[in-house]
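Visitor: the following comprises the amino acid sequence and a computationally predicted model.
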Amino acid sequence: MISIVCPVYCHTDDHKAYLAEALESVSAQTYRETELVIVDDSSPIEILPIVESIDNLPPTRILRNAANLRHAESRNVGIQAANGELIAFLDHDDVWLPEKLERQIRVLNENPDVAMVFCDVEVFGRCVPNFYIDQKTVPERPSLIWLLTRSNCVITASAVLARKQAIFDIGFFNSRYSICDDYDAWVKILARAPIVHLSETLVRYRLHAHNVSYSVDRLKDNRLLTALMLNICRTLPLTDKIRLMPTLARKLAGRVYWTLFGR
């Protein structure tokens, strides 16, 4: 069974509409052996009427955080409450295409060595030019060094289906990040087991004025990512260490920049 973990922070009328669209995309999934775990991150707007307005949802639970814990810790709450052995993440402002889960679970069933699969996304809404890399260049089985030398936007959380054990093995999402917690998780998972890129656009990723992406503590995230990379670098062969050096140099230069010019 797949447990769909959906962290929600609903505080505008736009968010209400986005959440309804996200839930409608869950109800339209062709793969039906699922449960939906919604983690309400102390939203000021009541989300139960929105959930109850959507027909054909899988068995659904709403867990409410007593305080606003942000997206990383809310995902962790949902993972720990999940009954399925597979976890699919859906941010409450994104949309899945109907065959998303069916196509991805087929990949995991055919590749028992693989810890997670991610698909391509269509970016819509308030889009920043060149926000995403060309997804046609993403290899079918990315190497660890390939992922480490790419930006944190290469794998969107809503595009991922992962084995729950793989997430337990890395100690869940690191909530110290302001936004790069998902990239941190994918790197740690790939350091332990292969991941697969499904070259199909099965997710619509929405950019809008209230995205978490627009309120980033870049200095803190830079420090955490640099520490992660340095720790992994110690285990890499010499050729990969050399390939990682330019990325580490950019991280260190970025730390100087954000220290001098603010966040």
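Guide: Received the coordinates, thanks.
Visitor: neighbours of A191, just the number please.
Guide: Other residues near A191 number 16, with proximity taken as other CB atoms under 10 Å. Bear in mind the C-beta positions are built from the backbone N, C-alpha and C, glycine included.
Visitor: which SS class is A227?
Guide: For A227, the secondary-structure state derived from DSSP: H, G, I helix; E, B strand; the rest coil is helix.
Visitor: next one: it from N174, what distance?
Guide: Distance of A227 to N174, given as CB to CB, to the nearest Å: 11 Å.
Visitor: can you check D181 too?
Guide: 5 Å.
Visitor: all strands of the stretch 101-250 of the chain, in order?
Guide: For the stretch 101-250 of the chain, applying DSSP state E, counting those that start in this stretch gives strands covering 116-125, 160-163, 195-207.
Visitor: before we move on, the earlier item: neighbour count: D181 and N174, which is higher?
Guide: It is D181, of D181 and N174, that has more neighbours when counted by other CB under 10 Å, with 23 against 18.
Visitor: the more buried one contacts F172, correct?
Guide: No: if you go by CB atoms under 8 Å, D181 and F172 don't touch, sitting 9.3 Å apart.
Visitor: list the residues that contact both of D181 and N174?
Guide: Counting by CB atoms under 8 Å, 6 or more residues apart in numbering, the residues touching both D181 and N174 are A72.
Visitor: among the strands of the stretch 101-250 of the chain, which is nearest L219?
Guide: Closest approach to L219 among the strands of the stretch 101-250 of the chain (CB to CB): strand 195-207, 22.9 Å.
Visitor: okay, now the sheet partners of that closest one, with direction.
Guide: strand 95-96 (antiparallel), strand 116-125 (parallel) (DSSP bridges).
Visitor: which of these is buried the deepest?
Guide: Among the strands paired with strand 195-207, strand 95-96 has the highest mean neighbour count (mean count of other CB atoms under 10 Å), at a mean of 22.
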